[in-house]
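Peer 1: Give the three-dimensional model of this entry:
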Amino acid sequence: MAKGKTYFVCSSCGYESVRWLGKCPNCGAWDSFKEFREQPVVRRDGTVAVAKRLKEIEIRDFKKISTGIYEFDRVLDDGITPSSLILIGGDPGIGKSTLILQVAKALSDKSYKVLYVSGEESLEQVKIRADRLGASSDFLFLLNEQDLSKIKEELEHVDPSFLIIDSIQTVFNPDVDQVVGSISQIRECGAELLRVTKEIGITTIIVGHVTKDGSLAGPKTLEHMVDVVLYLEGDRVPSGGNGFNLRILRCSKNRFGTSNEIGIFEMTGNGLKEVTDASTLFITTDHVRRDGISYTVLMEGKRVILVEIQSLVLPTFFAVPQRVATGFDTKRLYMLLAVVEKFAGINLRGMDIFLNVTGGIRIQDSSGDLAVIASIVSSYRKRPLPENSVFVGEVGLGGEIRKVPGITKRIEEAKRLGFTNVYSPLEYNSIEEVLRICLG
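Peer 2: I've put the predicted structure just below:
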């Protein structure tokens, strides 16, 4: 039998090294590396994998399973793929357990047998949440267990179509000599759940904790081995002046479809409520004219969303001006400020700049560049932008306004909502031209 190799893992972030290091090059933690010995993998059934020609491989015909929760199905590209392994992450208290319990309810209501394993909460706590959500199906089974071997025994007894693990950080493999929640435990438990999922043919949904920087806790291997990675995001307080407590379900990986869609929910006393028309959720309905306020149109998959961008520009009291951005990439903000200074002749070096995208939305693409610049310059000059105006377009390093995907659809949605003045690369070529027309 081949001898397992020795490696070292950072206990803070999961970074692996072939030798011990005093300081982790990934997270900067000191004296965090622990030694592990990799055990050789042996196939349990004693069989040997045989290579096949590509044309000899038959593709099984499968049909995706709809949960009936439209926003959840949208993110998974029309439903859950059978025999897949799905990972859901999010901040503490954001609603992960509520969401997966609603998914379990929806599946059990369709007569799919679901085994919900809770390693963090007692069965009474889960039952209280289930009663609040109206879950009372005979096809929904609850189990309070952390030992993976006992969970597998219960799998054989219940024989479910869906397995839900809440959460992977609380499950441990008794064959691994490490504490619960350690890097090795998470990796080995994830690998074993993957093997069981593919071998038995069930669908497994696991919940994962996140670190303080928003990434999934544990080894990066966990994200690589699963089929789908979802993140539940959002503010825990009403935002945007609309009274909504919004949650956004975002897909970062999907082996069975697109990973560009998002699902939008509102957190209520009875669980997560779907939001199907999100066009006006992230903007104020009165379109009040104030300096530093601009609007842009985003596309998340097939969904068109209007968002409000707020800027506050004021003289700094520090040697180095502050640049704070919420919902927008700070490095891109620095780039846009350099473009404004060179091509619009506006000196922002001595100014603190605060930028906010309302509603907890994060702008992932470059379509909001023009709106960001318009908002910042509006606040700097203390002049509001023209009424019912929307700004769509990428800004290049030469000050030019470039086209973005789906621009026609974006403009049509903006006009449908009453934005009569549209500033886009279809009519304007440079930021100087737009700023001159809007702010003089």
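Peer 1: I'd like to know how far the closest residue to residue 323 other than its chain neighbours sits from residue 341.
Peer 2: Of all residues not flanking residue 323 in the chain, residue 353 sits nearest, at 5.5 Å (CB to CB, 6 or more residues apart in numbering). (C-beta placed from N, C-alpha, C; glycine too.) Residue 353 is 12 Å from residue 341, where distance means CB to CB, to the nearest Å.
Peer 1: So between these two, which is more surrounded?
Peer 2: Neighbours of residue 353 and residue 341, each counted by other CB atoms under 10 Å, are more numerous for residue 353; the result is 21 against 13.
Peer 1: which stretches of the stretch 151-300 of the chain have low pLDDT?
Peer 2: For the stretch 151-300 of the chain, residues meeting the criterion pLDDT under 70 lie at 212-214, 217-219, 235-244, 279-280, 284-289.
Peer 1: Dead centre of the protein: give me the residue that sits there.
Peer 2: residue 231 (3.3 Å; CA atoms, centre = their mean).
Peer 1: For it, list the residues it contacts.
Peer 2: 88-90, 210, 249-252 (CB atoms under 8 Å, 6 or more residues apart in numbering).
Peer 1: roughly how far out does stretch 143-157 sit from the chain middle?
Peer 2: Averaging C-alpha positions (CA atoms, centre = their mean, to the nearest Å) puts stretch 143-157 29 Å from its chain's average.
Peer 1: how about it: buried residues?
Peer 2: Buried residues in stretch 143-157, counted by 16 or more other CB atoms under 10 Å: 143, 145, 148, 151, 154-155.
Peer 1: what does stretch 79-94 give?
Peer 2: 79-91, 94.
Peer 1: can you check stretch 336-347 too?
Peer 2: 336-337, 339-340, 343-344, 346.
Peer 1: So which residues lie in contact with that stretch, not counting its own?
Peer 2: With CB under 8 Å, 6+ apart as the test, stretch 336-347 has contacts from 323, 348-349, 353, 369, 372-373, 376-377, 380, 395-399, 430-432, 435.
Peer 1: Inside strands: which ones of the residues you listed?
Peer 2: If you go by DSSP state E, the contacts of stretch 336-347 have 323, 353, 395 in strands.
Peer 1: any idea how far the last one lies from residue 310?
Peer 2: Using CB to CB, we find residue 395 at a distance of 19 Å from residue 310.
Peer 1: of the two, who's got more company?
Peer 2: Using other CB under 10 Å, the more surrounded residue of residue 395 and residue 310 is residue 395, with 26 against 17.
Peer 1: Which pLDDT value does the model give the residue nearest to residue 323?
Peer 2: pLDDT recorded at residue 353 is 96.
Peer 1: Equivalent analysis for the one 4 residues further on, please.
Peer 2: Among the per-residue scores, residue 357 holds a pLDDT of 92.
Peer 1: show me the residues around the spatially closest residue to it that is not a sequence neighbour that make contact.
Peer 2: Counting by CB to CB, 6+ apart, residue 357 lies nearest to residue 327, which is 3.0 Å off, once chain neighbours are set aside. Residue 327 makes contacts with 356-358, 360-363, as judged by CB under 8 Å, 6+ apart.
Peer 1: between those residues, which is nearest residue 185?
Peer 2: residue 362 (31.4 Å; CB to CB).
Peer 1: Now do the helices for the stretch 1-150 of the chain: every range, in order, please.
Peer 2: Under the criterion DSSP state H, counting those that start in this stretch, helices of the stretch 1-150 of the chain are mapped to 70-75, 96-109, 123-133, 148-158.
Peer 1: need those in a markdown table with distance to residue 417, can you?
Peer 2: Listed next are the helices of the stretch 1-150 of the chain as a markdown table, based on distance: least, CB to CB, whole Å:
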| stretch | distance to residue 417 |
| --- | --- |
| helix 70-75 | 21 |
| helix 96-109 | 29 |
| helix 123-133 | 33 |
| helix 148-158 | 49 |
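Peer 1: Of all those helices, which one comes closest to residue 299?
Peer 2: Nearest to residue 299 among those is helix 70-75 (14.0 Å), distances taken as CB to CB.
Peer 1: what's in contact with that closest one?
Peer 2: 66-67, 79-80, 99, 103, 230, 249-251, 261-265, 274-276, 301.
Peer 1: about what we covered before: so which of the contacts of stretch 336-347 are in helices?
Peer 2: Within those, residues falling in helices by DSSP state H are 369, 372-373, 376-377, 380, 431-432, 435.
Peer 1: Name only those of the residues you listed that count as buried.
Peer 2: Buried, going by 16+ other CB under 10 Å: 369, 372-373, 376-377, 380, 431, 435, out of the ones in helices among the contacts of stretch 336-347.
Peer 1: Which pair in those has the greatest spatial separation?
Peer 2: Among these, 369 and 380 lie farthest apart (CB to CB), at 16.7 Å.
Peer 1: tell me the contacts of residue 303?
Peer 2: By CB under 8 Å, 6+ apart, the neighbours of residue 303 are 261-262, 278.
Peer 1: quick one: pLDDT of it?
Peer 2: Value for residue 303, per-residue pLDDT: 83.
Peer 1: In the sheet, which residues pair with it? Tell me.
Peer 2: residue 300 (DSSP bridges).
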